[in-house]
Each structure stands twice: as structure tokens, then as C-alpha cells.
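A.B. asks: What shape does this take:
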Amino acid sequence: MWKFISGAAPPKAKRVTDEERTKKAKIYDIEKRVRRFQESWKATWNWLVYDTDQGMTCSVCIKHFKDRAGTFVVGSQNYRISTVLKHDHSESHRMANDVHHAKNTEKHESKAGKALNKMNQGIIDKLTILFKNAHAMAKNARPYTDFVWMCDLDEAKGLKVGNTYRSDKQARTFVHYISDVARNKIRQELSNAKFISVMCDGCQDTGVVEQEAVCVQYAVNATINTKFIAVQSVERADAAGVQEAINKVMSSVTDGDWTNKLCGFGCDGAAVMLGKKNGVVAKFLERQPCLVGVHCFAHRLELSFKDALKQVKIFGEADRFLLNLYLFYHNSSLNRSMLKRSCQAYATPACVPTRVGGTRWLPHMKRALDNLWKLYPALVEHLQQLPHQKGASNDALGKSKNFLKNLTDPSMLYFLHFLTDVVSVLSVLSLGIQSNATTLGDMFQKIQNTVAALRKHTTRDGPMLQKISNEKKFDSKSLKTFETSRPVVIEKLEESMDKRFSCQVEAVEATQIANFKLWPSEIEEDYGDIEVDVLMKQFDGILRDQGVDVTLIADEWTMLQCVLYKRYNGKLSEASWVQVNESYKTDFPNILDLIDLILTLPVQSAECERVFSHMKLVKTDWRSKLGSEPLSDQIMVILNTDDVLSYDPLPAVHLWNSSCLKPRRPSTKPYGKRAEPTGAESMDLNLSLSDSDNISIFTSDSEIDDIET
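C.D. replies: This is a model prediction of the structure:
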């Protein structure tokens with residue numbers, strides 16, 4: 001308005017000084033402004049903790065300097081970013097961070113640990129040799145006493161192994177720590193897995209002790225892992241004793257209640273395992289209602305084969321013939337020598353008949369039949385010459401006559417060739433079941449394919465039967481027994497397999513949705529919806545316990561199908577769940593967690609049978625007093641560690657060194673007078689030993705912590 005008043009000048013604007021501006025800001029800050037804690041600060045300073053009553057505190061300072069009176073120890077209500085920055089750059093907070101880092105760093109990875117390791121490199125080199133010897137000894141199922149001469153051999157080669165820790169007792173200790181490294185790795189993997197399955201089986205060892213072998217199976221991002229855990233002795237092999245053994249073994253590699261993750265239990269069909277009222281599975285169902293017990297499919301196949309052929313008369317005759325033929329050459333060195341001579345005459349590989357009844361596994365029967373046809377010309381030649389052999393007993397003459405009759409009888413000869421074809425088909429299925437990569441979703445398709453192949457053998461000759469038909473011609477009258485038995489064998493096999501493989505749990509059959517080969521060539525609106533609902537109903541509790549949002553699984557299943565059909569253009573047989581997890585884990589986490597659960601369910605307990613095979617090699621008649629713990633350690637080394645050439649012993653060396661209460665003394669003999677090291681040894685170790693004191697080569701954990709602090 002000053003422009004309308006002539007001669008009047010507008011007043012000058014009042015200038016605000018810095019002091020006035022600061023004073024005004026303080027008044028506003030005190031009287032009007034309300035400061036609050038900003039949650040975004042936690043992303044920048046991970047040590048920052050906020051409580052409505054206490055205010056801002058520092059978790060690191062409270063943990064290590066809780067006795068000191070500091071603003072961020074008792075709590076600060078001054079919600080300024082400058083306050084947080086001031087504490088972050090303070091000397092006390094820096095010291096607390098250094099202590100925290102030192103205590104949470106592996107001893108051999110810390111600065112002090114690395115310095116000591118560098119100073120003691122000569123000792124570490126010696127221990128590396130000792131641990132490699134212990135690993136090689138255990139890996140090859142050798143006794144602990146072999147460790148002594150292995151060290152002597154290294155010394156003879158000019159290697160420096162020292163004079164300490166060269167006994168069989170120390171070898172046992174070394175093997176224990178080597179197995180502990182593998183066990184710790186399994187413990188870490190199990191902690192990352194949301195679901196686990198247990199496989200268990202039992203047998204008596206050479207010390208007449210009942211041992212339960214425990215293995216686990218788990219899938220993380222669709223990668224299936226099967227690991228041996230331990231063998232545990234039981235006083236009584238009843239359900240209570242087996243359950244206690246499993247609990248003890250699983251508690252050693254898991255934290256907390258491991259049954260919260262338990263979704264499957266694989267075992268053979270023994271009543272002690274699968275009994276509906278008092279079996280092991282029934283007892284675990286009380287703790288985990290979502291559990292599914294799986295009768296080993298490999299055992300089911302063997303039982304179905306046995307059930308079918310025990311009703312066929314000619315099979316009983318063939319089975320007894322093969323067993324007696326094996327015993328005839330197994331119990332007589334003379335017969336074996338003469339058979340080998342016949343093999344040389346016919347230019348066939350020198351071998352002997354193998355046992356057909358010592359194990360239930362079908363591939364072993366196939367091997368016995370294959371050996372029979374390899375040896376057939378030499379067998380016939382030897383049995384024909386046996387009556388002319390000087391000094392042959394009447395028993396041998398009678399048996400050879402009966403064997404020769406069976407080997408030349410048309411019906412028996414044709415039936416054995418036919419049996420070879422049938423067992424070959426079943427052996428492929430048996431080996432597929434025993435593979436750790438086979439899942440429940442794959443099994444039903446494999447069984448259907450096997451039954452279809454067997455059904456064709458009713459009228460169509462297999463490779464072995466075609467071979468004998470082309471080589472030898474017999475009239476139909478001499479083959480009457482075989483022609484009558486042939487359709488009966490296939491019919492009985494089909495009936496027994498259908499009976500043994502019928503599913504009593506809907507959730508087991510619903511796992512077929514995890515098999516891409518069974519998906520339709522074009523997308524179907526409701527494919528797999530019923531199976532997903534069945535699986536969600538069976539495993540609802542365990543899915544919720546592991547943080548899976550079950551309400552989103554059905555929708556994610558539909559969306560995942562749309563994505564996969566578009567990506568693979570209907571060629572889903574080329575897809576794998578590992579690839580799907582890599583690409584879509586963040587988009588469909590809940591349905592892929594359900595797939596992990598499906599892949600975790602066991603198909604067989606053959607892994608336990610493999611454990612027993614190794615157990616027989618480790619615990620021999622000469623080592624019949626070997627306990628469960630050292631036995632488990634050696635089997636752990638055999639199954640879950642690298643081979644001798646690629647094995648790295650340093651993790652086991654560091655674990656051995658850090659687990660003692662007192663410092664290790666690798667250069668001091670544990671017994672007798674402690675001799676002073678020579679000058680050369682002192683130079684190699686870069687240490688100086690006084691006359692009255694022995695300095696530890698490896699420093700204990702507490703000393704390393706003190707150095708770091």
C-alpha cells in the first residue's frame with residue numbers, strides 16, 4: 001500500500017539474527033515438537049533396540065559392558081539421529097563391537113587364531129598327516145591299530161609326524177573329531193530344512209548286539225539329501241526300545257523337539273515298526289499326528305515276488321537246484337578247481353555259482369542266474385566227467401547226476417531262461433527303488449510300467465527265452481510243465497504286486513503330482529486340485545508349524561501350473577523342481593514348500609541296509625567288542641566324508657584343538673619324563689622353551705578370546 005502514499009518509504013524488513021533463529025528453534029523443539037523413534041534407523045544400525053518404556057538401547061554394549069553406566073545401556077529418550085551417530089562413533093561402542101566380533105568368530109578364523117596357526121605351522125603339518133592317516137584308516141574300515149604302523153611308515157618315508165599322538169587310542173579320538181565335523185555339517189543342514197523323514201532298520205552285529213541304524217532324508221529347494229546319522233544298540237528290539245534309540249540319535253544332531261519337522265518314517269514291514277497299536281510309527285504319531293509311515297517299496301517288491309512264486313511248483317524245484325548247486329561248489333575245493341579247469345577249456349571267465357537264497361534282493365538272484373548261463377557249458381562238461389574222476393565220493397556222484405538231469409531237462413531249462421527274463425524286469429524296478437533320487441511320486445508310474453512289461457511275457461518270449469528257443473528245439477510234450485507254469489507265474493506276480501503296492505494312505509498316492517512326467521500335455525483347469533487338498537489335510541499341522549501359509553497353497557498351485565506350461569511349452573518332462581525353485585521360489589513359496597515335503601517322504605529303507613553292509617566290514621569277529629559310538633564314527637567317515645585324495649583335515653584339526661579344557665601339547669609326550677625339544681625342533685616351531693616351563697603349541701579358546709579382546 002506504500003505505493004499509493006506519496007513521499008512515504010516502505011519500512012525495512014526486520015532481519016533475524018542467527019541467535020534469534022536458534023532460540024526460536026529451541027523454543028519450538030521444547031514446547032511444540034514431539035520427537036519419535038524412527039524404525040528405519042534399525043536398518044542402518046543393527047545394534048539399535050527400541051522399547052517404549054526404556055527408550056533406545058545398544059544390544060552390543062548391554063551384552064558385553066552391562067556393568068558400565070552408559071546412556072545406551074540404561075536407555076536414552078533423546079530421539080535424535082545425532083544422538084545415535086554420537087554413540088555409534090564412541091570409543092566404548094567400538095570396544096564393545098571388537099569384543100562381540102572376537103567372540104562370534106571361529107577361533108581359527110580370528111586374528112589371534114590365524115597368528116597362532118601361522119606361528120605353529122610345523123605342528124599343524126604334523127597333525128595334518130596324523131588326521132589324514134586316521135581318515136584313510138576309517139574310510140577303509142580298518143582297525144585302530146593300523147594307525148600305529150601307518151605313522152611308522154610315514155616316518156620311514158621321511159615325513160615329520162612327531163612322537164606324540166601315535167597310538168590306537170589317539171586314532172579313535174581323531175576319528176571321532178573327523179566324524180564330528182561331518183555330523184556338524186548335517187546338523188546345520190537339518191536346521192535349515194523345514195521337513196525331515198527318518199529311516200530305521202535293525203539287525204544283529206557280530207557281537208550279537210541288536211543295532212538300530214538311523215538315517216534321515218530331507219529336501220531343501222527340491223534337492224534331496226539322504227544322510228546316515230548313527231547306529232544305536234538296544235537291549236530289547238521292541239517298539240519302546242527302538243523309539244528310545246531313535247530319539248537319542250536324532251537329539252544328537254538337532255536342537256529342540258525334532259518331531260516338529262517329522263513328516264515321514266521309512267522302515268521294513270516288521271510288526272514292531274508298523275504295528276497299528278504299539279508299533280514305532282504309532283508311538284511317533286502320538287507326538288506328530290501328521291506323520292506318514294512308509295513300508296519300504298523294495299521290501300514290498302521282494303515279498304510280492306516271494307508270495308507269487310511259492311505257489312508255482314517248478315519254481316520251488318528251480319530254487320532248490322540253484323541253492324544246492326552253489327553249495328556243491330562252495331563246500332568243495334576239488335569241485336571248484338575242476339570247474340575252473342573246465343572254464344579254461346571253454347575259454348569262459350573263471351567263476352563259480354553264487355548263492356540265490358542268502359538275500360531277498362532280486363538283483364542278487366539275477367546275478368546267480370547270469371553266472372549260471374556263463375558257466376553252463378563248463379558245468380555240463382564237469383558234471384559229465386565227474387563219474388570218471390578218481391576218488392569221487394558216492395555223495396558227489398549222486399548230486400552230479402541230479403544236477404546234470406536238471407541242466408538238460410527241457411522244462412527246467414526253459415523255465416530258468418524264462419525266470420531270468422522276469423527277474424531282469426523286476427531287478428530294474430528294484431534298483432530304481434533303491435536309488436536315493438527316487439521319490440514317491442515316481443514310484444507308481446514305475447510299478448505300472450513294470451506290470452505292463454511282465455504282462456507281455458505271458459505270450460512273448462524275452463531275450464533269454466528267445467536264445468534257448470533258437471539254439472535248442474524240443475517237442476511240445478517235453479515242455480508241457482513249462483507252458484503250464486508260464487501264465488501262472490505272470491498272473492500270480494501281477495496279483496501279489498497289486499496287493500502289496502496298494503495304498504492305504506491317500507496322501508501317499510497324492511504325491512504323484514510331483515512327477516512332471518504324469519502331468520497332462522496341455523494345461524487342465526483342475527489338474528492336481530484334489531491331490532493338493534488331500535496333502536494339505538494330511539500335513540496341515542506340520543505346514544503351519546514351519547511357517548507355511550496353507551491358505552495360499554491352492555491358488556499358488558494354479559498359478560504355478562500356468563507359469564510352467566507357458567515356460568516349457570507343454571514339454572514338462574524336461575522340467576525339474578530344482579530349476580523351478582531357482583526361478584520361482586520367491587513367487588510361489590508355499591506350494592514349493594509343499595513340494596519339498598513330498599520329496600522328503602521316503603520311498604525305501606535300503607540306505608539302512610547299506611549301513612549294515614559297512615557295519616559288517618567294520619565290526620568283524622576280531623572287533624566284536626566295538627561299541628556303538630566308535631562304530632557310528634567309522635561309518636560316518638565312510639559314508640559322509642570325502643575320499644582319501646580330496647579330504648581336508650584342517651576343520652577336524654581345529655575342532656580337536658578347540659574342544660579341550662586344557663591346551664594341547666603336540667610336542668610333549670603324554671607319559672614319562674618330558675624331554676626338551678632339540679634345537680632344530682625349536683627353530684622349526686619358532687618357539688623358545690625354558691627349563692622350568694612348557695609352552696603350549698596351541699592356545700586354548702579362552703586365551704584366544706583374551707588376545708582378541
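A.B. asks: Would you mind listing the residues in contact with residue 624?
C.D. replies: Contacts for residue 624 (CB atoms under 8 Å, 6 or more residues apart in numbering) come out as 205-207. Bear in mind the C-beta positions are built from the backbone N, C-alpha and C, glycine included.
A.B. asks: Kindly indicate the member of these with the most neighbours.
C.D. replies: residue 205 (21 neighbours; other CB atoms under 10 Å).
A.B. asks: In TSV: the contacts of residue 624, plus pLDDT and secondary structure.
C.D. replies: Listed next are those as TSV, based on pLDDT from 0 to 100; DSSP: H, G, I helix; E, B strand; the rest coil:
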residue	pLDDT	secondary structure
205	89	coil
206	90	coil
207	89	coil
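A.B. asks: tell me which residues of stretch 392-401 are tucked away?
C.D. replies: Residues of stretch 392-401 classed as buried by neighbour count (16 or more other CB atoms under 10 Å): 392, 396, 399-400.
A.B. asks: Now render these as a markdown table, adding distance to residue 470.
C.D. replies: Shown next, in a markdown table, are the buried residues of stretch 392-401 (distance: CB to CB, whole Å):
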| residue | distance to residue 470 |
| --- | --- |
| 392 | 35 |
| 396 | 34 |
| 399 | 31 |
| 400 | 28 |
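A.B. asks: of all those, which comes closest to residue 461?
C.D. replies: residue 400 (30.5 Å; CB to CB).
A.B. asks: ok, residue 449 - how many residues close by?
C.D. replies: The number of residues packed near residue 449 is 14, by other CB under 10 Å.
A.B. asks: still on that earlier bit, so which of the buried residues of stretch 392-401 is the closest to residue 491?
C.D. replies: The closest of the buried residues of stretch 392-401, once distances to residue 491 are taken by CB to CB, is residue 399, at 33.9 Å.
A.B. asks: Now that closest one: closest residue in space, sequence neighbours ignored.
C.D. replies: Counting by CB to CB, 6 or more residues apart in numbering, residue 328 is the residue found nearest to residue 399 once chain neighbours are left out, at 5.7 Å.
A.B. asks: hang on, that neighbour is in a helix, isn't it?
C.D. replies: Yes: counting by DSSP: H, G, I helix; E, B strand; the rest coil, residue 328 is located in a helix.
A.B. asks: Check what pLDDT it gets.
C.D. replies: Residue 328 is assigned a predicted lDDT (pLDDT) of 92.
A.B. asks: Please tell me how far it sits from residue 389.
C.D. replies: 14 Å (CB to CB, to the nearest Å).
A.B. asks: Next: residue 164.
C.D. replies: 62 Å.
A.B. asks: more crowded one of the two?
C.D. replies: residue 164 (18 against 14).
A.B. asks: ok, back up a step: where strands are concerned, which of the buried residues of stretch 392-401 count?
C.D. replies: Residues of those located in strands (DSSP state E): none.
A.B. asks: can you tell me which two in these are farthest apart?
C.D. replies: Longest span within the buried residues of stretch 392-401, CB to CB: 392 and 399, 10.4 Å.
A.B. asks: For the residue nearest the centre of the chain, pull up the helix or strand it's in.
C.D. replies: Geometric centre of the chain, nearest residue: residue 227, 1.6 Å, by CA atoms, centre = their mean. For residue 227, the host element (DSSP states H and E) is strand 223-233.
A.B. asks: give the contact list for residue 131.
C.D. replies: Residue 131 touches 174, 178, 649, 652-653, 656, counting by CB under 8 Å, 6+ apart.
A.B. asks: how does it look with 10 Å?
C.D. replies: 165, 171, 174-175, 177-178, 647-653, 656 (CB atoms under 10 Å, 6 or more residues apart in numbering).
A.B. asks: Same question for residue 532.
C.D. replies: With CB under 10 Å, 6+ apart, residue 532 has these contacts: 510, 513, 553-554, 556-558, 591, 594.
A.B. asks: what about 8 Å?
C.D. replies: Contacts of residue 532 (CB under 8 Å, 6+ apart): 510, 513, 553-554, 557, 591, 594.
A.B. asks: Then residue 210?
C.D. replies: 202-204, 233-237.
A.B. asks: For residue 423, see how far away it is.
C.D. replies: Separation of residue 210 from residue 423 (CB to CB) stands at 32 Å.
A.B. asks: List the beta-bridge partners for the residue nearest to the centre of the chain.
C.D. replies: residue 216 (DSSP bridges).
A.B. asks: Residue 186 is in contact with that one, correct?
C.D. replies: Yes: because the distance of 5.2 Å satisfies CB atoms under 8 Å, residue 227 is recorded as touching residue 186.
A.B. asks: Can you report how many residues lie near the residue nearest to residue 235 when sequence neighbours are not counted?
C.D. replies: Excluding its sequence neighbours, the residue lying closest to residue 235 (CB to CB, 6+ apart) is residue 241, at 6.3 Å. Other residues within reach of residue 241, judged by other CB under 10 Å, total 19.
A.B. asks: Also residue 96?
C.D. replies: Every residue meeting other CB under 10 Å relative to residue 96 is counted, giving 24.
A.B. asks: Ok, the one 3 residues further on next?
C.D. replies: Burial of residue 99, expressed as a neighbour count using other CB under 10 Å, amounts to 17.
A.B. asks: Now it: closest residue in space that isn't a chain neighbour?
C.D. replies: Residue 99 sits nearest to residue 64 (CB to CB, 6+ apart), 4.7 Å away.
A.B. asks: The one you found against residue 96, yeah?
C.D. replies: Yes: counting by CB under 8 Å, residue 64 does reach residue 96; the two are 4.8 Å apart.
A.B. asks: The contacts of residue 532 in helices, which ones?
C.D. replies: 510, 553-554, 557, 591, 594 (DSSP state H).
A.B. asks: Where does residue 264 sit: helix, strand or coil?
C.D. replies: strand.
A.B. asks: ok, now which ones touch it?
C.D. replies: Counting by CB under 8 Å, 6+ apart, residue 264 has contacts 197-198, 217, 291-294, 600-602.
A.B. asks: The closest residue to it other than its chain neighbours and residue 269, how far apart?
C.D. replies: Distance criterion CB to CB, 6+ apart; nearest residue to residue 264, sequence neighbours excluded, is residue 197 at 3.4 Å. Distance of residue 197 to residue 269, computed by CB to CB: 17 Å.
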